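1. sequence first, predicted coordinates after that:
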Amino acid sequence: MIPYGKQSIDQDDIDAVVNVLKSDWLTQGPKVPEFESRVAAYCGAQSAVAANSATSALHLACLALNISEGDIVWTSPISFVASANCALYCGAQIDFVDIELETGNMSVGRLAEKLAYAKIQGTLPKLVIPVHLAGQSCDMKEIHKLSQQYGFKIIEDASHAIGGLYKGKKIGGCQFSDITVFSFHPVKIITSAEGGLALSNNKKLVRTMQRLRSHGITNVPEEMTETGHGPWYYQQVELGFNYRMTELQAALGLSQLNQLDKFVARRHLLAKQYDMLLRSMPVDPLLQTSDCYSAFHLYIIKLNLSTKKKHSDVFEKLRESGIFCQLHYIPIHLQPYYEKRGFRSGDFPVAESYYSCAITLPLHPNLTTEEQQYIVTKLGELL
């Protein structure tokens, strides 16, 4: 079975993890700060806070921005559920902004319309979480302009997008956001097995996320309520979590960073080959905008099907042929949990239209030319 995504691990990665296993530190050692510093430097951000998953990093980011009960958070319906769940963890209300069918990303036009209406209704969001689907940045400059007009904070969910560019700068530099979050799950651009990371140029936000990541505990004198009793002394000053990344994960992430640009270049080559091989077929790849350089975490196509052929038929036949295609994503508002919260089919019609025709084809650095040709041949036979 040809997987839609897969980690690429070499001997340097293995050696990096083994070296940590032989060291004195398996957790809370020097590798996590080193990984944070390397990612921040790569992206052009001031600081980074590593966590055990991108979901944890999103939760920490929401908490650092003081998202709580009564607040309203908006995100994209085309994303993994964590992009919305992180707001609910804080007791906030969640809502969605429909997408652009061409890119799959949050529509700036629909965001502007929704904000104007929300202002009249007194229901403006405190936070908006744009999602960089498949590795291509949303139009962050325009979203940031709207944040200045309407007063909301921004978390970029860039789980798919490390290694990508927006307007010539690395995604993750937070030029147009308060916090950016990456994922290092095995199918992502680089991996730390599991893991995530939040970047910010705001020292206060960074320090809050660091503290909340480890139980809300501090040994920083300025953050404590009284003078320390001795060198062992610490205080829990707020309710935090155990969201720490291990030294093993950080060591793997550090090693993978050395190949990040190579991985992204390989994904671009494969994507261009897909574009060429598919150009005569009734499919539309996601549009690549001129101001973005996608990390190409995913290669998503939209099927232009006749009434005789169903989306699910193509999907199932590809899997029967040994091609593990996938669908990114089921609109979050159609999940049973969210339907219980009042969302219904028809609420976000563009997202639902996208869902009815989208398929993710295999794309990862180790995908061979022969495998890619086989995928396209089988798809062509079906269409």
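-> Cool, got the structure.
2. drop to CA atoms for contacts and neighbour counts, all remaining ones
-> Fine.
3. show the end-to-end separation of stretch 68-81, please.
-> Taking Cα to Cα, to the nearest Å, stretch 68-81 runs 19 Å from one end to the other.
4. give the buried residues for it.
-> By 16 or more other Cα atoms under 10 Å, the buried positions in stretch 68-81 come out as 68, 71, 72, 73, 74, 75, 76, 77, 78, 79, 80, 81.
5. kindly report the same for stretch 256-263.
-> Per 16+ other Cα under 10 Å, stretch 256-263 contains these buried residues: 256, 257, 260, 261, 263.
6. same deal with stretch 90-104?
-> Burial within stretch 90-104, assessed by neighbour count using 16+ other Cα under 10 Å, is assigned to 90, 92-101, 103-104.
7. and the contacts of that stretch?
-> By Cα atoms under 8 Å, 6 or more residues apart in numbering, the residues outside stretch 90-104 that reach it are 59, 62-63, 67-78, 84, 87-88, 105-107, 110-111, 114, 133, 286-288, 333, 348-351, 353-354.
8. thinking again about what came up before, nearest to residue 208, out of the buried residues of stretch 90-104: which one, please.
-> Ranked by distance to residue 208 (Cα to Cα), those are led by residue 90 at 14.9 Å.
9. next, residue 176: phi, psi?
-> Main-chain dihedrals, residue 176, degrees, to the nearest 10: phi -120, psi 20.
10. that one contacts residue 138, correct?
-> No: applying Cα atoms under 8 Å as the test, residue 176 and residue 138 come out as separate, 10.8 Å apart.
11. out of those two, which sits in the more crowded spot?
-> residue 138 (24 against 19; other Cα atoms under 10 Å).
12. got the contact list for that one?
-> Contacts for residue 138 (Cα under 8 Å, 6+ apart) come out as 105, 106, 130, 131, 132.
13. report the separation between it and residue 369.
-> Relative to residue 369, and taking Cα to Cα, residue 138 is found at 30 Å.
14. could you report the neighbour count for residue 16?
-> Number of residues near residue 16 (other Cα under 10 Å) recorded here: 19.
15. residue 353 too?
-> By other Cα under 10 Å, neighbour count at residue 353 equals 14.
16. try residue 63
-> 20.
17. and for residue 328?
-> A count of neighbours around residue 328, defined by other Cα under 10 Å, yields 20.
18. these two touch, right, it and residue 79?
-> Yes: using Cα under 8 Å, residue 328 is in contact with residue 79, at 7.1 Å.
19. now do the same end-to-end measure for stretch 232-243.
-> Stretch 232-243 has an end-to-end distance of 22 Å (criterion: Cα to Cα).
20. ugh, wrong one, stretch 24-33
-> Between the opening and closing residues of stretch 24-33 there is a gap of 16 Å (Cα to Cα).
21. grab the most central residue of this structure for me.
-> residue 159 (1.8 Å; Cα atoms, centre = their mean).
22. for that one, give me its contacts.
-> Counting by Cα under 8 Å, 6+ apart, residue 159 makes contact with 54, 131, 132, 135, 181, 182, 183, 184, 188.
23. now with 6 Å, please.
-> 182, 183 (Cα atoms under 6 Å, 6 or more residues apart in numbering).
24. measure it to residue 271 for me?
-> Noted for residue 159: a distance of 19 Å to residue 271, by Cα to Cα.
25. which SS class is residue 275?
-> State at residue 275, reduced to three classes by DSSP: H, G, I helix; E, B strand; the rest coil: helix.
26. ok, it to residue 317 distance?
-> In terms of Cα to Cα, residue 275 sits 21 Å off from residue 317.
27. and residue 98, by the same measure?
-> Note on residue 98: its distance to residue 317, by Cα to Cα, is 30 Å.
28. quick check: phi and psi at residue 88.
-> The phi and psi values for residue 88, taken as degrees, to the nearest 10, are phi -70, psi -30.
29. how about it, nearest residue that isn't a chain neighbour?
-> residue 94 (6.9 Å; Cα to Cα, 6 or more residues apart in numbering).
30. now swap in residue 4 and tell me
-> Once flanking residues are discounted, residue 4 sits nearest to residue 362: 3.5 Å by Cα to Cα, 6+ apart.
31. neighbours around the one you found, how many?
-> For residue 362, the count of nearby residues is 22 (other Cα under 10 Å).
32. that one contacts residue 6, correct?
-> No: using Cα atoms under 6 Å, residue 362 is not in contact with residue 6; the gap is 9.1 Å.
33. re the thing from before, need the buried residues of stretch 90-104 in JSON lines with distance to residue 297 and secondary structure, can you?
-> As requested, the buried residues of stretch 90-104 are exported to JSON lines (distance: Cα to Cα, whole Å; DSSP: H, G, I helix; E, B strand; the rest coil):
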{"residue": "90", "distance to residue 297": "29", "secondary structure": "coil"}
{"residue": "92", "distance to residue 297": "30", "secondary structure": "coil"}
{"residue": "93", "distance to residue 297": "29", "secondary structure": "strand"}
{"residue": "94", "distance to residue 297": "26", "secondary structure": "strand"}
{"residue": "95", "distance to residue 297": "26", "secondary structure": "strand"}
{"residue": "96", "distance to residue 297": "23", "secondary structure": "strand"}
{"residue": "97", "distance to residue 297": "22", "secondary structure": "coil"}
{"residue": "98", "distance to residue 297": "21", "secondary structure": "coil"}
{"residue": "99", "distance to residue 297": "19", "secondary structure": "strand"}
{"residue": "100", "distance to residue 297": "19", "secondary structure": "coil"}
{"residue": "101", "distance to residue 297": "18", "secondary structure": "coil"}
{"residue": "103", "distance to residue 297": "14", "secondary structure": "coil"}
{"residue": "104", "distance to residue 297": "14", "secondary structure": "coil"}
